[in-house]
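Visitor: Using only what follows, build the 3D model:
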Amino acid sequence: MKNQRYVGTVSSTPRNEQYGFVNRSSVTNEDGSAANLRTSHDIYVHHDDGVSSLSVGMQIEFDAVADNRRGGDALRAINVTHHVSQELVLVGDNENGTGHALADPRSLYVRPTPAQLALMKPIDQGSVDKVIANRPMPLMPRTSGESTLSAAEITQRLMRKIFPQFEAINENGVDMASDAFDNVIKQAIADHQTFGMADQAAHMEKQARTYKGLRTVLRTEEDLLRPDTLIPIQYLPDLFMAVPVWYFYADAKTQKEASELKRLDDPHVHENLAYFCNLVPNQRWIDTFLMYNRRMRTLADYTGDIIPPRIIARMRKMALLFDFMVIMTPYHDVAGRDWEDLQWLRSIDPYLIGFVKGVPLMFVLGRFSDSGTFPLFNELVADTVGFLRGNIQRLQGFDRVNGPYWYQPGREKSVGSLGTKLIRHTENLLSAFDSGNLFDWLRGSDERLPASRN
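Guide: Model prediction:
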């Protein structure tokens, strides 16, 4: 039988260094079960052991060996790879996880609604077929139907899958979705502090806040608990390619920061944007994301379809429950300030998406058309690809600033000849799309890349 590998989260990476540490309490076996690592220290990891770069929050898979340099029961990670979950958190799946894989590519297409068909711009069927061949979000069910499970059962399953470290301390089988489980966590934190394990206790307290925040979200809006409304973070590039121009719901402080950055020819990468860069920590994703979102936009910058009253009401209701709420739009022309001037007929039907830090899910809080996640989705991706093909040379506009601020996993940097580099990047992106491999290419999890021109 194959030995279990471990999965854990990088919790620290010293500045300008090529190593970091995996938080011991975040480590599970690769199948999600509790890991029995006999160590009282966080696990040392160096980029020479398999990954080109490390950043806080990155999930990795690894084998563990004794760390002879630190001695004692310290461990070091070896044979390290980026972790891409193969068991997606799907609402309403059965205990064995079967029955939700979509093997037939035709299942990945959902026809637009009559209202969408009446309003959308023409997209040729050949382009849509190419999107389907790239298999966007292949394990997500294409339905907006209700689950047969109760909201309490769904919440319990989600808590167990998202917080396996808490399930490991749940010796008495307390319902993880109930308030009573807070006492289990509180006692575990106190036990760690008693044994002088301050770092582990602090990490557990942070995870507990995330846990309670997610529980509040699920209780407050039970209509979110549908198969198509909880999307694993690993599918962020897939969703982004449909609606790449983002507007953040923001407090007064963030709105002021965004307004000040907007006036600059060369703005710093705002911390909100850096967070989403680090969610998929590879340069392909970062370059694609920042091509459209180099400048932090808030709702004060929004000009587009009228935001439906029910979307406004949901934003107000949910604002305190999410770390980020974003209106994601297909308004490609908005990206034009850093490109050369752009003219593009807009597509329709943005999404409202919520994010909770530390939770590997995106919450589809609404769609302007109220049509669910997938109607028109493939057409929107096709429109984005068409926009990039038609405007690739306009990326040269990024060269108007000498050495502009940009981003790489974990830190901001200055990049020379950025426009030229982004043109090469987009050529590779289009080549990956033509090869049927776009989304894995953006995630960096592909195994059959087209030849790189970088």
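Visitor: how deep is Arg38 tucked in, by neighbour count?
Guide: By other Cβ atoms under 10 Å, 7 other residues sit near Arg38. C-betas here are computed from N, CA, C, even on glycine.
Visitor: show me the contacts for the residue nearest to it when sequence neighbours are not counted.
Guide: Leaving aside its chain neighbours, Arg38 sits nearest to Asp73 (6.0 Å; criterion: Cβ to Cβ, 6 or more residues apart in numbering). Counting by Cβ atoms under 8 Å, 6 or more residues apart in numbering, Asp73 makes contact with Arg38, Thr39, Ser40, His41.
Visitor: Buried residues, the helix or strand where Arg157 lies. List them.
Guide: Assigned by DSSP states H and E, Arg157 falls within helix 151-162. Residues of helix 151-162 classed as buried by neighbour count (16 or more other Cβ atoms under 10 Å): Ala151, Ile154, Thr155, Gln156, Arg157, Leu158, Met159, Lys161, Ile162.
Visitor: And the strands in the stretch 301-450 of the chain, which stretches?
Guide: Ranges of strands in the stretch 301-450 of the chain, per DSSP state E, counting those that start in this stretch, are 324-329, 351-355, 361-367, 405-408, 411-414.
Visitor: Of all those strands, which one is nearest Glu427?
Guide: Among the strands of the stretch 301-450 of the chain, strand 405-408 comes nearest to Glu427, with 18.3 Å by Cβ to Cβ.
Visitor: what is the mean pLDDT for that closest one?
Guide: Averaging pLDDT along strand 405-408 yields 93.
Visitor: That strand pairs with which strands, parallel or anti?
Guide: Its sheet considered, strand 405-408 pairs with strand 411-414 (antiparallel) by DSSP bridges.
Visitor: relative to strand 361-367, how tilted is the helix holding Arg157?
Guide: 140 degrees (axes from the mean of the first three to the mean of the last three Cα atoms, to 10 degrees).
Visitor: what's downstream of helix 151-162, the next helix or strand?
Guide: Sequence order places helix 164-167 as the next helix or strand after helix 151-162, per DSSP H and E.
Visitor: So which bits of that next one are buried?
Guide: By neighbour count with 16+ other Cβ under 10 Å, helix 164-167 contains the buried residues Pro164, Gln165, Phe166, Glu167.
Visitor: With stretch 186-201 instead?
Guide: Across stretch 186-201, burial judged by 16+ other Cβ under 10 Å covers Ala188, Ile189, His192, Met197, Asp199, Gln200, Ala201.
Visitor: Wait, the fifth one touches Asp42, no?
Guide: Yes - between Asp199 and Asp42 a contact is recorded at 7.1 Å, counting by Cβ atoms under 8 Å.
Visitor: what is in contact with the two at once?
Guide: The contact sets of Asp199 and Asp42 overlap at Asn23 (Cβ under 8 Å, 6+ apart).
Visitor: which one of the buried residues of helix 164-167 is nearest Asn402?
Guide: Gln165 (46.9 Å).
Visitor: Quick check: the gap between that closest one and Val45.
Guide: Distance, Gln165 to Val45, by Cβ to Cβ, to the nearest Å: 18 Å.
Visitor: Go ahead and flag the most central residue of the chain.
Guide: Ile233 (3.5 Å; Cα atoms, centre = their mean).
Visitor: Can you get me a residue count around the closest residue to that one other than its chain neighbours?
Guide: Leaving out its chain neighbours, the residue that sits closest to Ile233 by Cβ to Cβ, 6+ apart is Pro360, at 4.6 Å. Per other Cβ under 10 Å, the neighbour tally for Pro360 reads 16.
Visitor: Going forward, the N-terminal residue is numbered 384.
Guide: Understood, numbering begins at 384; the last thing we discussed is Pro743.
Visitor: Could you check how far Pro743 is from Lys544?
Guide: 9 Å.
Visitor: Same question for Lys804.
Guide: According to Cβ to Cβ, Lys804 and Lys544 sit 39 Å apart.
Visitor: Any chance of the strands of the stretch 684-833 of the chain in a markdown table with mean neighbour count as columns?
Guide: As requested, the strands of the stretch 684-833 of the chain are exported to a markdown table (neighbours: other Cβ atoms under 10 Å):
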| stretch | mean neighbour count |
| --- | --- |
| strand 707-712 | 22 |
| strand 734-738 | 23 |
| strand 744-750 | 23 |
| strand 788-791 | 19 |
| strand 794-797 | 13 |
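Visitor: Span of stretch 788-797 from start to end?
Guide: For stretch 788-797, the first-to-last residue distance is 5 Å (Cα to Cα, to the nearest Å).
Visitor: nope, stretch 814-824 is what I was after
Guide: Counting by Cα to Cα, you get 10 Å between the two ends of stretch 814-824.
Visitor: That stretch: which residues count as buried?
Guide: Neighbour counts over stretch 814-824 (16+ other Cβ under 10 Å) mark Ser814, Ala815, Phe816, Gly819, Asn820, Leu821, Phe822, Asp823, Trp824 as buried.
Visitor: which one is the fourth one nearest to, not counting chain neighbours?
Guide: Spatially, and ignoring its direct neighbours in sequence, Gly819 is nearest to Ala516 (4.6 Å; Cβ to Cβ, 6+ apart).
Visitor: again with the last one
Guide: With Cβ to Cβ, 6+ apart as the measure, Ala815 is the residue that lies nearest to Trp824, at 3.7 Å, once sequence neighbours are left out.
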